[in-house]
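[1] next one to model:
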Amino acid sequence: MKLKRRVWYQPFCPSILDEEAERLLEGGETKNRFMTMAYRVRTEGRELLKGVLGRDGTCRPQMVDESYGIYHRLLASTRKVIGVGALLNTSFNLHGEPLVASPAQAIDCFLRSGADVLVMGDFVMEPPGVSS
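    You can find the predicted model right below:
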């Protein structure tokens, strides 16, 4: 609700390493690159993926292989830290608004969203009044 201001029954989706899909998702051997298919999360994956789990026990993942370069490396690094190569992945917009398409729109959306930090390339921004 804080970030997307959408209804409770629209869960966020994860990006997940290809090599994690079969372990965590029923039917995970069928790859999905574009978050267009729902998969039932296996019992052993429910705690690991609880932030992106729908009430029906499914999620709509983007499966990421090595062709994604730095994004794949980010997920692999995440797996080393938290035990699963998955991160919440959502479009960059507020509910009912078009997708962000420029740096100026990104900054505007960030400032209105309540998010903790905005990263664009080497640029890192925190909300006004926050110091790190």
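
[2] for the rest of this, base every contact and every neighbour count on C-alpha atoms.
    Fine.

[3] tell me the mean pLDDT for stretch 58-76?
    For stretch 58-76, mean pLDDT is 93.

[4] list the buried residues in stretch 34-54.
    For stretch 34-54, burial by neighbour count (16 or more other CA atoms under 10 Å) applies to 35, 38-42, 45-46, 48-49, 52-54.

[5] can you list contacts of that stretch?
    With contacts defined as CA atoms under 8 Å, 6 or more residues apart in numbering, stretch 34-54 is touched by 9-14, 23-28, 57-63, 84, 86, 88.

[6] how about a cut-off of 6 Å?
    Under the criterion CA atoms under 6 Å, 6 or more residues apart in numbering, residues 11-13, 24-26, 57-62 lie in contact with stretch 34-54.

[7] so which helix or strand of the chain has the lowest pLDDT on average?
    Taking mean pLDDT, DSSP states H and E as the measure, the helix or strand of the chain with the lowest value is strand 118-120, at a mean of 87.

[8] paired strands for that one, with orientation please.
    strand 123-125 (antiparallel) (DSSP bridges).

[9] give me the residues contacting the partner strand.
    Here strand 123-125 has contacts from 117-118, using CA under 6 Å, 6+ apart.

[10] now the helices: where do they sit in this structure?
    With helices called from DSSP state H, the chain shows them at 18-24, 70-82, 103-113.

[11] out of these, deepest packed?
    Burial of those is given as mean neighbour count (mean count of other CA atoms under 10 Å); helix 18-24 ranks first at a mean of 19.

[12] restricting to C-alpha, output stretch 75-91 in PDB.
    Taking Å, rounded to 0.1, in the frame of the first residue of the first chain, the C-alpha atoms of stretch 75-91 are listed here in PDB:
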ATOM      1  CA  LEU A  75      20.200 -11.700  -7.500                       C
ATOM      2  CA  ALA A  76      23.100 -14.200  -7.100                       C
ATOM      3  CA  SER A  77      24.700 -11.800  -4.500                       C
ATOM      4  CA  THR A  78      21.300 -11.500  -2.800                       C
ATOM      5  CA  ARG A  79      21.100 -15.400  -2.600                       C
ATOM      6  CA  LYS A  80      24.500 -15.400  -0.700                       C
ATOM      7  CA  VAL A  81      23.200 -12.900   1.800                       C
ATOM      8  CA  ILE A  82      19.500 -14.000   2.400                       C
ATOM      9  CA  GLY A  83      19.400 -17.500   1.100                       C
ATOM     10  CA  VAL A  84      17.300 -17.000  -1.900                       C
ATOM     11  CA  GLY A  85      18.000 -15.400  -5.300                       C
ATOM     12  CA  ALA A  86      14.800 -13.300  -5.400                       C
ATOM     13  CA  LEU A  87      13.900  -9.700  -5.100                       C
ATOM     14  CA  LEU A  88      10.600  -7.800  -5.300                       C
ATOM     15  CA  ASN A  89      10.200  -6.400  -8.800                       C
ATOM     16  CA  THR A  90       7.500  -4.000  -9.700                       C
ATOM     17  CA  SER A  91       6.900  -1.400 -12.400                       C
END
